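> Predicted model, plus sequence, below.
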Amino acid sequence: MFLTKDRIGGLLLLAFCVLYAWQIDAIRILPFQANQAFTPRTIPVVLSILGIGLSILIVVFPSNKERLQISELNWPLGIAFLILMSAYGLSVRPVGFLISTSLFLMIGFAMLGERNLIKLVLVAIPLVVAFWALMNYGLSVYVAPLPAFLGR
């Protein structure tokens, strides 16, 4: 068994899913939820089981038979994405979810090669607004949409 891109990805996914499953007990269950069929832990348990199973399948049965060549990876783009994600994480609270996430998606799409500004705006902004609405109104999780100086 040699390491391929698929196997390395499968091993990383397996490690993530095992750590995710390990942290499920940290999710608090209120006393009235204890005997219910669907609790706050249900979806994380299902996701971790599916993730572990699929990652094991990826490791055991990789589809790509070529060996991993470290020199073929696009390291500058990967580092640029790490910087972009760090900047996004630091800007969500002061700039607001809608603006920072829209900019994050548009810059990320542009880094991946999309140059049409109209497409960037028409994909990123409705997606972010829909996700924000789902979080606030569907799941009752308040996410500050705008910066503090514009009013909350």
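Alright, I've got the coordinates.
> Please point out which parts of the lengthiest helix in the chain sit buried.
Longest helix of the chain, by residue count under DSSP state H: helix 75-95. Across helix 75-95, burial judged by 16 or more other CB atoms under 10 Å covers 88, 91-92, 95. Glycine gets a C-beta too; all of them are placed from N, C-alpha and C.
> among the residues you listed, which two are most distant?
For the buried residues of helix 75-95, with distances taken as CB to CB, the pair at the greatest spread is Y88 and V95 (9.4 Å).
> circling back: using a markdown table, lay out the buried residues of helix 75-95 together with pLDDT.
Below are those laid out as a markdown table (pLDDT from 0 to 100):
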| residue | pLDDT |
| --- | --- |
| Y88 | 94 |
| S91 | 91 |
| V92 | 89 |
| V95 | 89 |
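> can you give me the mean pLDDT across stretch 71-83?
Averaged over stretch 71-83, pLDDT sits at 88.
> What of stretch 112-130?
Stretch 112-130 comes out with an average pLDDT of 93.
> Ok, stretch 41-52 next?
For stretch 41-52, mean pLDDT is 90.
> what's around N35, how many residues?
7 (other CB atoms under 10 Å).
> Make sure it is indeed in a strand.
No: going by DSSP: H, G, I helix; E, B strand; the rest coil, the assignment for N35 is coil, not a strand.
> circling back: for the following helix or strand past the longest helix of the chain, which outside residues touch it?
Going down the chain from helix 75-95, the next helix or strand is helix 97-111, by DSSP states H and E. With CB atoms under 8 Å, 6 or more residues apart in numbering as the test, helix 97-111 has contacts from 77, 80-81, 84-85, 88, 91-92, 119-121, 123-125, 127-129, 131-132, 143-147.
> Run the angle between helix 97-111 and helix 75-95 for me.
170 degrees (axes from the mean of the first three to the mean of the last three CA atoms, to 10 degrees).
> Could you give the separation of helix 97-111 from the chain centroid?
Computed by CA atoms, centre = their mean, to the nearest Å, the chain-centroid distance of helix 97-111 equals 14 Å.
> Kindly report the same for stretch 126-136.
So, by CA atoms, centre = their mean, the centroid of stretch 126-136 is 15 Å from its chain's centroid.
> Identify all contacting residues around it.
Stretch 126-136 has contacts (CB under 8 Å, 6+ apart) with 97-98, 101-102, 105, 141-143, 145.
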